[in-house]
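> build the 3D model from these lines:
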Amino acid sequence: MIIVIDAYNVMHAVFKIYSKKVNERQRSRFIAQLGTYGKRKGNKIVLVFDGGPYEWPYKEHVQGVYVVYAGVHQTADDYIKEYLDEHRSKDLLLVSSDRELREYAARLDISVLRVTKFWDIMQDTMQTSDDNKKISVSGGNVVKITEAEHADLDRLMMQASEVVPLKSEDMAHDNTEFIQKHGVGKKDRKLLKKLKKL
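The predicted structure is shown next:
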């Protein structure tokens, strides 16, 4: 899966950075965390920042993350929209809380996850992965000694339970309006598949 991330949108929400000025240390730490996460989960991370060192988009591969600086002639949002258009046939997930970007992705039938939800999932995954590394070698066999034997499954079940659509038989009759309002259906199933890859 390709995870397209609205970089400043995430950094503002998660790290409470409210100015456009993100220092190099913050940016490097953020990229390193995403790189480690992407490698562990086998996902391609495309991280898009506003601005950058050049007039036009500048791309680099840093610690396993495709980092894009949109340049001075367009915003990160503009670049993300173009990227979504060009790659819409691929397995994409947009991470942004920007209303306009979310609506744009929805029109292309691309799943979207809010930044704080993605960050929570990423942190849980990183913690679970660290817990699962606790192993011991006994008589040439690898023996797991952590109690997190089913932690990945537990984490997935918890995430899925937050977006599981209600079944029509679980609701009172004539709740068509409720179903339409809460988006029960194809999009929820699609998002569940994406969450399993996070």
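> now D78. Nearest residue, chain neighbours left out?
A70 (6.8 Å; Cβ to Cβ, 6 or more residues apart in numbering). Yep, even glycine has a C-beta here, placed from its N, CA and C like the rest.
> now A32
Closest residue to A32 apart from its sequence neighbours, by Cβ to Cβ, 6+ apart: Q63 at 5.4 Å.
> ok now do that neighbour, which residues does it touch?
I31, A32, L34, G35, T36 (Cβ atoms under 8 Å, 6 or more residues apart in numbering).
> pLDDT at the third one, what is it?
Model confidence at L34, given as pLDDT, is 95.
> where does it land in three-state SS?
helix (DSSP: H, G, I helix; E, B strand; the rest coil).
> what about V67, which helix or strand?
strand 65-69 (DSSP states H and E).
> so what does that strand touch, helix or strand wise?
helix 24-41, strand 44-49, strand 58-62 (3 or more Cβ pairs under 8 Å, 6 or more residues apart in numbering; DSSP states H and E).
> looking at this structure, which helix or strand is least sure?
strand 135-138 (a mean of 37; mean pLDDT, DSSP states H and E).
> please verify my assumption that K190 contacts S111.
Yes. Counting by Cβ atoms under 8 Å, K190 touches S111, with 5.6 Å between them.
> okay, now the unreliable bits of the protein?
The model of the chain has pLDDT under 70 over residues 17-21, 129-188.
> quick one on the thing from earlier: could you turn the buried ones of the contacts of Q63 into a PyMOL selection?
Those of the contacts of Q63 that count as buried under 16 or more other Cβ atoms under 10 Å are selected in PyMOL with:
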select buried, resi 31+34+35+36
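> and of the contacts of Q63, the nearest to P57?
Nearest to P57 out of the contacts of Q63 is I31 (Cβ to Cβ; 17.0 Å).
> pull up the gap between the closest one and G38, please.
Note on I31: its distance to G38, by Cβ to Cβ, to the nearest Å, is 10 Å.
> what residues do the two have in common as contacts?
Common neighbours of I31 and G38 are listed as V65 (criterion: Cβ under 8 Å, 6+ apart).
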